[in-house]
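Visitor: generate coordinates for the sequence data below:
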Amino acid sequence: MKTFLAVFTGSTAARERSGWDELGDADRAAREQKGIAAWGAWVAKNQTSIVDNGSPLGKTKRAGPGGVTDIKNNLAAYIVVQAGTHEAAAKLFEGHPHFTIFPGEAVEVMELLPIPRQ
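Guide: Here you go, the predicted model:
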């Protein structure tokens, strides 16, 4: 089995397309509850593939040659999963509540490669 990092992304455009901000408080709360339940069902269905449940991501700071600065990116959350292939790992996220119920954009999946040793 290979290990993969899945990063949940979100953008202003995806949020606008979802109509999330136009929902009334009661409709948004109902959709949130539906999303939380669907996400829990997704976790239960895929529990044997999940290595690390991950978490939502907060604000970003960037450290580089010029020092530390505040930046914005589209990263919203992460999870670590195992699968036989990259394709199989990506397919775990087809129809995920992140973008079918919540206003998320996508889930990007990349293999975690071993650190080269000398």
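Visitor: contacts, neighbours, all on C-alpha from now
Guide: Noted.
Visitor: show me what D52 bridges to in the sheet.
Guide: Counting by DSSP bridges, D52 is bridged to V80.
Visitor: please tell me how far it sits from L5.
Guide: 9 Å (C-alpha to C-alpha, to the nearest Å).
Visitor: could you do N74 as well?
Guide: From N74 over to L5 (counting by C-alpha to C-alpha), the distance is 16 Å.
Visitor: between D52 and L5, which contacts overlap?
Guide: 79-81 (C-alpha atoms under 8 Å, 6 or more residues apart in numbering).
Visitor: restricted to buried residues, select those in PyMOL.
Guide: Buried members of the shared contacts of D52 and L5, defined by 16 or more other C-alpha atoms under 10 Å, are picked up in PyMOL with:
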select buried, resi 79+80+81
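Visitor: for this protein, longest helix please?
Guide: Longest helix of the chain, by residue count under DSSP state H: helix 25-45.
Visitor: helices or strands up against that one?
Guide: helix 97-100 (3 or more C-alpha pairs under 8 Å, 6 or more residues apart in numbering; DSSP states H and E).
Visitor: packing partners of the helix or strand following the helix it packs on?
Guide: Using DSSP states H and E, the helix or strand that follows helix 97-100 in sequence is strand 106-111. Packing contacts for strand 106-111, counted by 3+ C-alpha pairs under 8 Å, 6+ apart, involve strand 2-9, helix 86-91.
Visitor: cool, thanks, signing off.
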